[in-house]
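1. From the sequence below, what's the structure:
(2 chains)
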Amino acid sequence: MLSSADIATLWLTFKVASLATLIMLIVGTPLAWWLARTTSRFKGICNALVALPLVLPPTVLGFYLLVMLGPKGPIGRLTNDLGWGTLPFTFGGLIVASVLYSLPFVVQPLQTSFAAIGRQPLEAAATLRAGPLDTFFSVVIPLAKPGFMTATILGFAHTVGEFGVVLMVGGNIPDKTRVVSVQIYNHVEALEYEQAHWLAGGLLLFSFTVLLVLYSALKTHPVAHQLK
Amino acid sequence: MTMPITARFNLDYGTFKLAVDLSLPGSGVTVLFGPSGSGKTTLLRCIAGLQRAPQGFLEINGTIWQDSERGIFVPTHKRSLGYVFQEANLFPHLTVKQNLQFGLKRIGKSAATDLSHILELLGIGHLLERAPDRLSGGERQRIAIARALALNPEILLMDEPLAALDFKRKQEILPFLSRLHRELNIPVLYVTHAQQEMAQLADYLVIMDEGRSPASGPLAETLSRLDMPLALDRNAATVWPVTIAGHEAEYHLTHVTFAGGSISLPSFAAKIGTPLRLQIYARDVSITLQKPTDTSILNVLPAVITGIADDERGHSIVQLVLPGIAGDTDPAQQSSASEIRQPIADKGAGQGNSLLAHITLKSAKLLKLRTGMAVYVQIKGTSILN
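-> Here you go, the predicted structure:
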């Protein structure tokens, strides 16, 4: 069965994934909106940058983050000067790394559903006296609900599942940065296959359930249906 | 006619340019009429502020909505307007009722009183709890119209509201539009490329062509302008407002009067005094020099030729006015015997007085028709637009 150390990693994983997802939604929503609507020539660059973690080996991203955030890196020096210390091997560092790594899983579904809304409902709202911010909350968000659902679930699930970046930036510190995926690795290293089975099987079940719920919800959601 | 709407726009997209300078009436339906790509929708969008012309001036009933020289541009959501799109554009996540209340909530008025009249007018009271995807195209468009009107706007803008509907749905909505036309006291700008809708709804006509407006004016007058392609078209027609004066059941006839005369139509079931719009196709009008006595055609009326144009395909298009309606023809015109195109738009012709006749070029020569001649017109057929 699960040891108390295992349960601690599960709880930490849940905290990291929740907080990272929240931050990704807050950052990703305006970013996705801008990407969906802009005709700026920087759109291509921004799209590529956001999508980069999809193709980059996690260790590459983790390595650069480690260098940037470390005591000699430009961001590390800044955070040091501000009295915050350096981020690698802390909970905060784990969050930053997770957000960057999983961001495309949040931005891309949002961007797709924002683009699918088109300009027409926005114009209708404007002719009905709704200002831009009002329109965003009363028309765009409800119409993009399937996109938000997909973004939240994929962002959360992908953060739970990450390993490489976490190991590079977070390390393997119990209760601080040791998440489930790292714990499974530890068990395997120590040849504790039974413990590894419990956690790995749990993650497998979790991931499958999440995707199952997501796909059946998207199939029956009336708004999603209309956006097609 | 006072013209409380001023709209001047200049916009250049390279392949498309819009350059208009219009003064429009503050009541009734103004139809922006032209082929696709003529700029009528762009003009409407500029008026709504959905598109911003770099150079523009727009004043509605004394309120400036745009004045590029002074850097004024009121965003769409701060303009008191209603807009009906080609696709109904209802919010799919809201019920019909919530769609209708969307704007009302934002102008802080209670929905109850205003809405009931509009619901009744458009016949949609039974649909309130439905979701938009459970409505027919015609129902959706009626709700879109109600949603726009619910705000009690200063102007209603309609962009081809029937274009996306099939013939049956169009017929379902047109009577509602005609009703709106009679009951609304705000100006309506209505974009269409369909001649029938234009003839049925317009009081005032703005012709659009390649981003410009070559002609605008009261419907009857603008329809009969010989310098506009409309009058030369095979389907050229004029529209008269008439009133039902009586019925002759024995012959299945209905008599209608117009300012200064009366004609008979095939029986039309409506009460005496009902106002109607009568469309008279130019191809249904023939001309005689003497009053015909032994003719099968019932409607023979005296008229004066006010202009003649040639379509260069063997037809003459004769523009006439019916005396006793706005009979004072320009003496300068009477002396001219030219058969060239002669715009008379600014000669003070009132609504309902003009008539077009398409005859062969040969007939025009043989009868020696010229501007200023008094003749008789025979009207073979008419159609009621209501």
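
2. Secondary structure class of residue 152, three-state.
-> Just going to use chain A. Secondary structure state of residue A:152, per DSSP: H, G, I helix; E, B strand; the rest coil, is helix.

3. meant chain B, my bad for not saying
-> coil.

4. what's the neighbour count on it?
-> 14 (other C-beta atoms under 10 Å in any protein chain shown). Placement of C-beta: from N, CA and C, glycine included.

5. One more: residue B:294?
-> Neighbours around residue B:294, by other C-beta under 10 Å: 4.

6. tell me the mean pLDDT for the helix ranked longest in chain A?
-> Of all segments of type helix in chain A, defined using DSSP state H, the longest is helix A:4-37. Per-residue pLDDT over helix A:4-37 has a mean of 94.

7. and it, what does it pack onto?
-> On a contact count with 3 or more C-beta pairs under 8 Å, 6 or more residues apart in numbering or on different chains; DSSP states H and E, helix A:4-37 meets helix A:43-55, helix A:91-117, helix A:145-161, helix A:180-189, helix A:193-220.

8. Run through who's touching stretch B:253-266.
-> B:240-248, B:252, B:267-268, B:270, B:276, B:278, B:298-299, B:301, B:322-326, B:350, B:352-353, B:379, B:382, B:384 (C-beta atoms under 8 Å, 6 or more residues apart in numbering or on different chains).

9. Ends of that stretch, what's the gap?
-> 5 Å (C-alpha to C-alpha, to the nearest Å).

10. Show me which residues of chain B are close to chain A?
-> Residues of chain B lying close to chain A (C-beta under 8 Å from any C-beta of the partner chain) are B:48-50, B:75-78, B:81-83, B:85, B:87, B:89-93, B:102-103, B:106-107, B:131, B:133, B:147-148, B:151.

11. which among those end up buried?
-> With neighbours counted using 16 or more other C-beta atoms under 10 Å in any protein chain shown, the residues of chain B next to chain A contain these buried positions: B:48-50, B:76-77, B:81-83, B:85, B:87, B:89-93, B:102-103, B:106, B:131, B:147-148, B:151.

12. Quick one: neighbours of residue B:370, just the number.
-> 16.

13. For it, pull up the helix or strand it's in.
-> Element membership for residue B:370, per DSSP states H and E: none, as it lies in no helix or strand.

14. List the contacts of residue 14.
-> Chain wasn't specified; assuming chain A. No residues are in contact with residue A:14 under the rule C-beta under 8 Å, 6+ apart.

15. Roughly how far does it sit from residue A:156?
-> Distance, residue A:14 to residue A:156, using C-beta to C-beta, to the nearest Å: 9 Å.

16. Let me see the contact set for the residue nearest to residue A:143 when sequence neighbours are not counted.
-> Among residues not flanking residue A:143 along the chain, residue A:117 sits closest, at 5.0 Å (C-beta to C-beta, 6 or more residues apart in numbering or on different chains). The contact partners of residue A:117, by C-beta under 8 Å, 6+ apart, come to A:139-140, A:143-144, A:227.

17. Just the pLDDT for residue A:117.
-> Value for residue A:117, per-residue pLDDT: 94.

18. ok, now the one 10 residues further on?
-> The score at residue A:127 is 97. That number is its pLDDT.

19. do the same with residue B:341
-> Value listed for residue B:341 in the pLDDT field: 35.

20. can you check residue A:214 too?
-> Residue A:214 carries a pLDDT score of 81 in this model.

21. One more: residue B:273?
-> Per the predicted model, pLDDT is 90 at residue B:273.

22. and it, which of the three is it?
-> coil.

23. residues contacting it?
-> Here residue B:273 is in contact with B:243-244 (C-beta under 8 Å, 6+ apart).

24. now it: how far from residue B:246?
-> To residue B:246, residue B:273 is 10 Å away according to C-beta to C-beta.

25. got it, and residue A:125?
-> Distance of residue A:125 to residue B:246, given as C-beta to C-beta: 51 Å.

26. Looking at those two, which is more packed in?
-> residue A:125 (25 against 12).

27. Apart from its chain neighbours, what residue comes closest to that one?
-> residue A:135 (4.1 Å).

28. Just to be sure, the one you found is in a helix?
-> Yes. Remark: residue A:135 belongs to a helix, assigned using three-state DSSP.

29. okay, now it: neighbour count?
-> Residues within reach of residue A:135, counting by other C-beta under 10 Å, total 19.

30. just residue B:252 next, same as before
-> Neighbours of residue B:252 under the rule other C-beta under 10 Å: 11.

31. Quickly note the distance from it to residue B:265.
-> Relative to residue B:265, residue B:252 is positioned 10 Å away (C-beta to C-beta).

32. got it, and residue A:111?
-> Going from residue A:111 to residue B:265 by C-beta to C-beta gives 60 Å.

33. swap in residue A:188?
-> 94 Å.

34. which of the two has more neighbours?
-> Legend: neighbour count by other C-beta under 10 Å for residue A:188 and residue B:265, higher for residue B:265 (21 against 13).

35. Which residue of chain B lies farthest from its centroid?
-> No residue in chain B sits farther from the centre than residue B:294, which is 36.8 Å out by C-alpha atoms, centre = their mean.

36. Which of the three states applies to that residue?
-> What three-state DSSP gives for residue B:294 is coil.

37. Read off the pLDDT value for it.
-> 87.

38. One more: the one 10 residues further on?
-> What the model reports for residue B:304 is a pLDDT of 92.

39. Just to check, it is in contact with residue B:321?
-> Yes. Counting by C-beta atoms under 8 Å, residue B:304 does reach residue B:321; the two are 5.6 Å apart.

40. what about these two, which has more around it?
-> residue B:321 (23 against 19).

41. Can you read off the pLDDT for the more buried one?
-> We have a pLDDT of 90 for residue B:321.

42. Mind listing the residues bridging to it?
-> Assessed by DSSP bridges, residue B:321 has beta-bridge partners residue B:304, residue B:354.

43. Chain B contacts on chain A?
-> When proximity is defined by C-beta under 8 Å from any C-beta, chain A lies next to chain B at A:120-121, A:123-132, A:134-135, A:138-139, A:142-143, A:145, A:222-223, A:226.

44. Return a PyMOL selection command for the buried portion of the residues you listed.
-> Only the buried entries of these go into this PyMOL selection, using 16+ other C-beta under 10 Å:
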select buried, chain A and resi 121+123+124+125+126+127+128+129+130+134+135+138+139+143+145+223
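
45. Mind telling me what element residue B:297 is part of?
-> With DSSP H and E as criterion, residue B:297 is part of no helix or strand.
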